[in-house]
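J.: Sequence below, structure please.
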Amino acid sequence: MGNKPAKPKGKYLGKLLKKFPNMNFEELFNIYEDFQTQSRGTGRLSKSDFIKVYRRAFKGNSGAKTLAENIFQSFDTDNSGYVDFEEFLVGLSLTEASLGGSDRETKFKKLKWAFNVYDKDRSGTIDKQEMRSIVRAVSELAPDDSFLGNCSADDFADRLFNQVDANGDGDITFEEFRRAAEINETLIDLLLPAPASILDQQTIYC
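T.: Got it, this is the predicted structure:
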């Protein structure tokens, strides 16, 4: 999917509206236009393009690169090395879906997406270093890092990791992640803002 060229707007957007009924045409069109601008009309973003969007939106903050790399990997569902517009919309719809207000299938997909963002090496589990990497990146990006309380980023990550690692074996499985995230959405909230807002910010800064 990720290596397909750009497609004409008309019928293409009409088909996408059926796949993403929670979006209206104007919203979809605006996201499409932003995406086309950032992809320079190719209809797909490479990993380096994706990282550039994040880095510029966050004014070169080093944490943006780490977060962007992990999110790119979760969006690139066919492992092509590119994220096309439909893959972007799938990822976007998951990041913006509320766990509490979602149906079972959407909730599962969002949890799986979030798990994959943390699981950078695609091992099927999250280790403590992967958790630390995300928390460090988010703490650097957040204008207000009060979510850390009196903890350092690593201490916060370790505390969160230990809460989720139910059996204490040093690895978080998807089932452990799912159970923890349904009780405490901090695991999901750390991965926001959603990429659509990043595209908007990048357009403004340009």
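
J.: gap between the two ends of stretch 119-129?
T.: One end of stretch 119-129 to the other measures 10 Å (CA to CA, to the nearest Å).

J.: which parts of that stretch are buried?
T.: 119-120, 125-128 (16 or more other CB atoms under 10 Å). For the C-beta atoms, the positions are set from N, CA and C on the backbone; glycine is no exception.

J.: Report the rounded mean pLDDT for that stretch.
T.: On average, the pLDDT along stretch 119-129 is 94.

J.: and it, how far out from the chain's middle?
T.: 16 Å (CA atoms, centre = their mean, to the nearest Å).

J.: on that earlier part again, just the closest of the buried residues of stretch 119-129 to Leu141, please.
T.: Distances from Leu141 to those, taken as CB to CB, are shortest for Lys120 (16.9 Å).

J.: Next up, phi/psi of the closest one, please.
T.: Lys120 adopts backbone torsions of phi -60, psi -40, taken as degrees, to the nearest 10.

J.: would you turn the buried residues of stretch 119-129 into CSV with distance to Ser74 and secondary structure?
T.: Below are those laid out as CSV (distance: CB to CB, whole Å; DSSP: H, G, I helix; E, B strand; the rest coil):
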residue, distance to Ser74, secondary structure
Asp119, 9, coil
Lys120, 10, coil
Thr125, 15, coil
Ile126, 13, strand
Asp127, 17, coil
Lys128, 20, helix
